[in-house]
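> need coordinates for the following:
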Amino acid sequence: MSEKEREATVRRLTFAYRDGTIELVSQQQVEMRLPARATSRDLEGRAEFWYELRDAGSEVLYRLDAEDPIPTDVEVFSDDPGRTVERAPHVPEEGVFTVLVPEIEDAEEVRLMRSAAPADAEAFAEGPVEVGRFRLTKGAR
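Okay, here's the model as predicted:
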């Protein structure tokens, strides 16, 4: 993506999640620079998450790999000084996150996608899962 494209109108999408349900709660156009894209190396060893802008024919117009905004685990500390910090499964009941996408005229929807980490071979083999699909509002301010 060129510098000129990065400095264009951006759409800020704010999502809220609660008890496993995600909702698009606001869309706002802002003049700003899109952040640099994460590289595969930046995301190595984590569950993959990405979002896509799609047109009316379901063609992908834009995709950005990102860190999963809905945590799936937490750090757990032991009272035993000989033990290290461990990660334990935990998904918060509710939260809010924001994504930034370029303002593309033909974009009709945003899809949130996730795949399991390679360490979970069975889930990883099943391929990506659509976490949510949301219609974009034309001219959101």
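> got the residue ranges for the helices in the protein?
3-6, 121-125 (DSSP state H).
> once you drop chain neighbours, what's closest to F77?
Excluding the flanking residues, the one nearest F77 by C-beta to C-beta, 6 or more residues apart in numbering is V85, at 5.8 Å. Quick note: C-beta positions are derived from backbone N, CA and C, even for glycine.
> phi, psi of that neighbour?
Taking degrees, to the nearest 10, you get phi -70, psi 140 for the backbone angles of V85.
> is it in contact with V74, as I believe?
No - counting by C-beta atoms under 8 Å, V85 stays clear of V74, with 10.2 Å between them.
> which one's more surrounded, those two?
Applying other C-beta atoms under 10 Å to V85 and V74 shows that V74 carries more neighbours, namely 12 against 8.
> in the sheet, who's paired with that one?
A88 (DSSP bridges).
> likewise A16?
On the basis of DSSP bridges, A16 is bridged to E23, V96.
> any idea how far it lies from I70?
11 Å (C-beta to C-beta, to the nearest Å).
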